[in-house]
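Undergrad: Show me how the following folds:
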Amino acid sequence: MRAYLKVGKDISFPLDLPQYFPPLERTDDKVADAQSAVELPIDQLKHTVFWFMKATPFDDIAFNHLFNGNIDKAKEIWSKKKSVSSLLNLMVCAIIEHNNIALALNADMLFQDYSSELCSTVNDTIKLSSEQLTELFVDLLKDDSSIKFIKLAKVPGTSSCWQKAFGASMVKPLIDEITTAINEAKNVKGAAANYAAGIKLMNSTKSPLLQLMSWLGSSDVQYQIIADKLAQTILQCGINYFNESDDNNAPQKALNLQSYALSIAIGQLVKDRCRENIEVLQKIGPEYEVRKEISEISHQLKSFNIWHGHSFTAIESFIKACNPHLQSIKLKLGGYSEIYLRMSSSVASAAINDVVLKINNLQTRAVLSSDKSSLKLNVSSAVSIMSKISELDMTTQCRTYFNNNNSILNSLNSRLNTSGGCYIATMAYGDYNHPQVMVLRDFRDSFLAKRDWGQHFIKYYYAHSPNWVEKLKHHKTINAVIRKVLDAFALLWKNISHYE
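TA: Numbers count the residues shown, from 1 in each chain. Next comes the predicted model:
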């Protein structure tokens, strides 16, 4: 060969197999390198396991078919009788055709059943066991990128020796791959970067982690250590993202990462930490989504409640300021959401309280000053404001509170004539202009209103009597007793005033 090359003459051999491989470029240097590569016995064995061997008459027949481009016929002949050369030649055919299963089955059979014969055929000085020969083959495969190494690992029908050799060679690269991904995820800053890193880490390590578990099992210490490291890193990415994010759906996005972390965690401490974070996110999720709206409404409530007795215009402005935020919460969480109803009821209650307080104060002032027209006007405005408040959604308790006050206010509005109505007396006699009621109003105006203690009594009476009326108006027996007491008091007052 080298003599031909020196004179520039082309040379070829049948086993160049141009039917299956591109043309070979032979040079004197390449031939010299090839010769030196097979001087040692172990190197001769290394090159043998990746090329054809002709040792039997069957091989001659099969090679003739191979040279003619009929590889299937060649394989059929080699498959008829198991031997060192037939198994080796079938291995090479499997490499040519990228048939991983055939390569694994024939290689495993060759190394398990014919290891001694293979070694002695190549060089009598070579003494490798089945395990050593399999490990040698696995090491050689690592350097060949054309071999689908991962698919050779667990071919059904291969021996435990074969799978052990592949498993030992695969574990370290898988652990290294996962460790590299973990280290990359740890070096990011910011909410968006942490979330992206967590998602990438989760997706990129699913396959290697699954392969690692298939080789080692979940009870293996190596697997447990790397799985817990991976879970903790993904968990931390979720925590960092949530703590720094302004996204409305941050709890759910963080929850996705942390739920996956829990699913792969092995150690109890890591699992407990994952569960704690998941429970926190599940509790704050809905409220977090509307945190900005809640903050705005809380700010409005705080400002509104600094002092009481707002004007009706201020009360209406307060409701208008809160309403957009309430509608946003309703849109996001629904009209039956506990959070929405709680916030809407808080707004309604604050407005109702101020309306009631203002009317009570105005009613007392009207009694003391006999300013009837101003009270009438304000009660009418209060009725209008209560109508706007009624449009707010409320809890059952808040709606009851509203209905009670609204009923009293409308009753006052309908019967108000000259001055503040005498609630209990009017309830007892059923008529604002009943003679006895008029006597009692005279007592209020000509006696109580002219004394300091009487003025305090009037204020207290008008602050609480509407609620008393609402509770007592349907109790006929109690009303009858009240009438008898008031009759006696009215008679006494008429006698005293007449005497004076």
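Undergrad: Going by C-alpha atoms from here, please, whenever you check contacts or count neighbours.
TA: Fine.
Undergrad: Give me the helix or strand of the chain that scores worst on average pLDDT.
TA: The helix or strand of the chain with the lowest confidence, counting by mean pLDDT, DSSP states H and E, is helix 423-429 at a mean of 61.
Undergrad: and after that helix, which helix or strand comes next?
TA: Sequence order places helix 435-446 as the next helix or strand after helix 423-429, per DSSP states H and E.
Undergrad: counting contacts, what elements does the helix or strand harbouring Met109 pack onto?
TA: In the assignment (DSSP H and E), Met109 maps to helix 100-113. Helices and strands in packing contact with helix 100-113 are listed as helix 84-96, helix 130-142, helix 149-152; criterion 3 or more C-alpha pairs under 8 Å, 6 or more residues apart in numbering; DSSP states H and E.
Undergrad: Highest mean neighbour count out of those?
TA: Neighbour counts (mean count of other C-alpha atoms under 10 Å) averaged over each of these peak at helix 84-96, with a mean of 23.
Undergrad: for it, what is the average pLDDT?
TA: In this model, helix 84-96 has a mean pLDDT of 94.
Undergrad: got the CA coordinates for that helix in PDB?
TA: In PDB, the C-alpha atoms belonging to helix 84-96 read as follows (Å, rounded to 0.1, in the frame of the first residue of the first chain):
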ATOM      1  CA  VAL A  84     -16.900 -14.600  17.100                       C
ATOM      2  CA  SER A  85     -16.700 -13.400  13.500                       C
ATOM      3  CA  SER A  86     -20.500 -13.600  12.700                       C
ATOM      4  CA  LEU A  87     -21.400 -11.700  15.900                       C
ATOM      5  CA  LEU A  88     -18.700  -9.100  15.300                       C
ATOM      6  CA  ASN A  89     -19.700  -8.700  11.600                       C
ATOM      7  CA  LEU A  90     -23.400  -8.300  12.600                       C
ATOM      8  CA  MET A  91     -22.200  -5.600  15.100                       C
ATOM      9  CA  VAL A  92     -20.500  -3.600  12.300                       C
ATOM     10  CA  CYS A  93     -23.600  -4.000  10.100                       C
ATOM     11  CA  ALA A  94     -25.700  -2.600  12.900                       C
ATOM     12  CA  ILE A  95     -23.400   0.400  13.200                       C
ATOM     13  CA  ILE A  96     -23.600   1.000   9.400                       C
END
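Undergrad: Kindly calculate the angle that that helix makes with helix 100-113.
TA: Using axes from the mean of the first three to the mean of the last three C-alpha atoms, to 10 degrees, the interaxial angle of helix 84-96 with respect to helix 100-113 works out to 150 degrees.
Undergrad: outside of helix 84-96, which residues touch it?
TA: Contact partners of helix 84-96, identified using C-alpha atoms under 8 Å, 6 or more residues apart in numbering, comprise 20, 49-56, 59, 71, 75, 78-79, 100, 102-104, 106-107, 109-110, 114, 117-118, 147.
Undergrad: repeat for stretch 270-286
TA: With contact meaning C-alpha under 8 Å, 6+ apart, stretch 270-286 is reached by 228, 231-232, 235, 251-252, 254-255, 258-259, 261-262, 265, 333.
Undergrad: Now that stretch: buried residues?
TA: The neighbour-count criterion (16 or more other C-alpha atoms under 10 Å) identifies 270-271, 274-275, 277-278, 281, 285-286 as the buried residues of stretch 270-286.
Undergrad: Show me where the stretch 351-500 of the chain dips below the pLDDT cut-off.
TA: Counting by pLDDT under 70, the stretch 351-500 of the chain contains low-confidence ranges at 366-373, 415-434, 462-463, 466-467, 469-474, 497-500.
Undergrad: Helices along that one, start to end?
TA: Under the criterion DSSP state H, counting those that start in this stretch, helices of the stretch 351-500 of the chain are mapped to 372-389, 396-415, 423-429, 435-446, 452-472, 476-499.
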